[in-house]
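Participant: got a predicted structure here, sequence first:
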Amino acid sequence: MIFVLCGPGGVGKGTVASRLVQRIDTLELSRSWTTRKRRQGESEGAYVFVDMAQFKEAIAEDRFVEWAWFLDNLYGTPMPDTGVYGCDRHLLLEIDVQGAAQIKERVPAAVIIVLLPPDEDELRSRLHKRGDDDSHVRARSLLAATEIAAAIGLGGVPIINADLDVAVDQAAALINERIAGCA
């Protein structure tokens, strides 16, 4: 099965995804590509950081299951190995709502989890804490409501990330429920 974790930037997708993969043995995290620069303090393994030419070459070679242009950068999820994900192995994609829409179109059975901030002020605070500048925080904040509505419109299950442990517990319960129903 394919699970998609999406939500506005700064909501905690990376942290929740990491904890889910640690908790659920059969869940594997796909590593996305991006043309943006690595943030100060961000792990080198957070993304495959590439230049624009490399990314466009991969698009031309149809090497992404989804990709999107977002705030002046490209982001994409590499095509998973075909036939490897069934009822005993599952893929978790940590992507934006544009990517979630593409995944839902290609894989209608994909389960979308929409991670939400407790409120707009907390979202802004998290964006600042991770090192985003004021203009980027404003841009991300303006997009947040639209992204959330679009993700829920895709059938996404909303989970509020006010308390990290509770959010991870809720997401894990949803994933485990769907895995248990896999036939």
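Facilitator: Arrived safely.
Participant: what's the weakest-modelled helix or strand in the chain?
Facilitator: Across the helices and strands of the chain, mean confidence by mean pLDDT, DSSP states H and E is lowest for strand 64-70: a mean of 86.
Participant: pairing partners for it, with directions?
Facilitator: Sheet pairing of strand 64-70 (DSSP bridges) gives strand 73-78 (antiparallel).
Participant: rewinding a little: which residues touch the least confident helix or strand of the chain?
Facilitator: By CB atoms under 8 Å, 6 or more residues apart in numbering, the residues outside strand 64-70 that reach it are 33, 55, 58-59, 74-80, 93, 95-96, 98-100, 102-103, 106. Yep, even glycine has a C-beta here, placed from its N, CA and C like the rest.
Participant: likewise for stretch 158-169?
Facilitator: Stretch 158-169 is touched from outside by 7, 11-12, 15-16, 19-20, 23, 113-118, 122, 148, 152, 170-171, 174, with contacts defined as CB under 8 Å, 6+ apart.
Participant: quick check on these: which are buried?
Facilitator: When the contacts of stretch 158-169 are checked for burial by 16 or more other CB atoms under 10 Å, the buried set is 7, 11-12, 16, 19-20, 113-117, 148, 170-171.
Participant: narrow the contacts of stretch 158-169 to those in strands?
Facilitator: Among those, DSSP state E puts I113, V114, L115, L116 in strands.
Participant: the last one bridge partners, please.
Facilitator: L116 has the following beta-bridge partners by DSSP bridges: I160.
Participant: where does the chain dip in pLDDT?
Facilitator: 81-86, 183 (pLDDT under 70).
Participant: same thing but 50
Facilitator: In the prediction, the chain carries no residues with pLDDT under 50.
Participant: spatially central residue in it, please.
Facilitator: Centrality entry for the chain: nearest residue to the mean C-alpha point is E94, 2.1 Å, by CA atoms, centre = their mean.
Participant: test my guess that it contacts L29.
Facilitator: Yes - under the criterion of CB atoms under 8 Å, E94 makes contact with L29 at 6.8 Å.
Participant: who are the packing partners of the lengthiest helix in the chain?
Facilitator: Taking DSSP state H as the criterion, the chain has its longest helix at helix 134-153. Helices and strands touching helix 134-153, as assessed by 3 or more CB pairs under 8 Å, 6 or more residues apart in numbering; DSSP states H and E, comprise helix 97-106, strand 111-116, helix 120-129.
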